[in-house]
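Undergrad: All I have is the shape, not the residue letters:
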């Protein structure tokens, strides 16, 4: 059966999260007077922040801590300040976010491809974040009106790659999983998770990492329209680029 809807990841799929993350960390460290003068030290600080993000997000997913507290714990661990109060941690995080948001940009292929697909497919977002974060991001970037629904793990209570997350997003479009493609930058969390949930999983491999022949892979969103309309064999691995 033909694909009728497209579910989208946001970060590093439509939105250049990695670029904004690096620029935001660089500017934030400078403003806070923290020692990270050169590009390598900024990248190392960002790697540490990303590692802590994964650790504390997993605690949130497991129900060990609420969404706001996992952010505070990230800040405390990053600064090595376990006694940092909630207000201080929130303030530090909010200043970081301000620098990060000033660097927000969509990838150049995002809007042209959304335009190409707008007439023939229904669209929604499924993100492992929160509605507060992602609704605002999409509005600031000027594309919120492209999507019928935005669903996020923090409110769903379940995150990708769990099948329940993908099924909730399909239900929001009133489509069966086999009628929906999911497009994301993570081969396992996004493409494999979607495929195992009965959707057509599409891995957007912008870096050209390759491998994973069992997954449908594209390297640029401009390759997506032909894939969706030209290959309706559900689940058939195919690589573009």
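TA: Received it, and whenever you're ready, just let me know what you need. Quick caveat: nothing in here was measured; it's all calculated off a predicted structure.

Undergrad: Flag the shaky bits of this protein, pLDDT-wise.
TA: Across the chain, residues meeting the criterion (pLDDT under 70) sit at 1, 35-39, 231-241.

Undergrad: For it, just list every one of the strands.
TA: Assigned by DSSP state E, the chain shows strands spanning 5-8, 122-127, 149-152, 180-184, 200-204, 216-218.

Undergrad: right, and the ones you listed - which one's nearest residue 48?
TA: Nearest to residue 48 among the strands of the chain is strand 122-127 (23.4 Å), distances taken as Cβ to Cβ. The way it works is simple: take the backbone N, C-alpha and C, and place the C-beta from them, glycine included.

Undergrad: Let me see the domain layout of this structure.
TA: 5-16+105-230, 17-101 (automatic domain parsing).

Undergrad: out of these, deepest packed?
TA: Among the domains of the chain, ranked by average contacts under mean count of other Cβ atoms under 10 Å, first place goes to domain 5-16+105-230 (a mean of 19).

Undergrad: Distance from that domain to the middle of the chain?
TA: Distance of domain 5-16+105-230 from its chain centroid, counting by Cα atoms, centre = their mean, to the nearest Å, is 9 Å.

Undergrad: how long is it from one end to the other?
TA: In domain 5-16+105-230, first residue to last residue: 15 Å (Cα to Cα, to the nearest Å).

Undergrad: so residue 10 touches residue 127, yeah?
TA: Yes. Using Cβ atoms under 8 Å, residue 10 is in contact with residue 127, at 5.1 Å.

Undergrad: Quick check: neighbours shared by those two?
TA: residue 134 (Cβ atoms under 8 Å, 6 or more residues apart in numbering).

Undergrad: residue farthest from the centroid of the chain?
TA: Residue farthest from the centre of the chain, counting by Cα atoms, centre = their mean, is residue 83 at 31.0 Å.

Undergrad: so how far is residue 48 from that residue?
TA: 20 Å (Cβ to Cβ, to the nearest Å).

Undergrad: got it, and residue 157?
TA: On the measure of Cβ to Cβ, residue 157 and residue 48 end up 29 Å apart.
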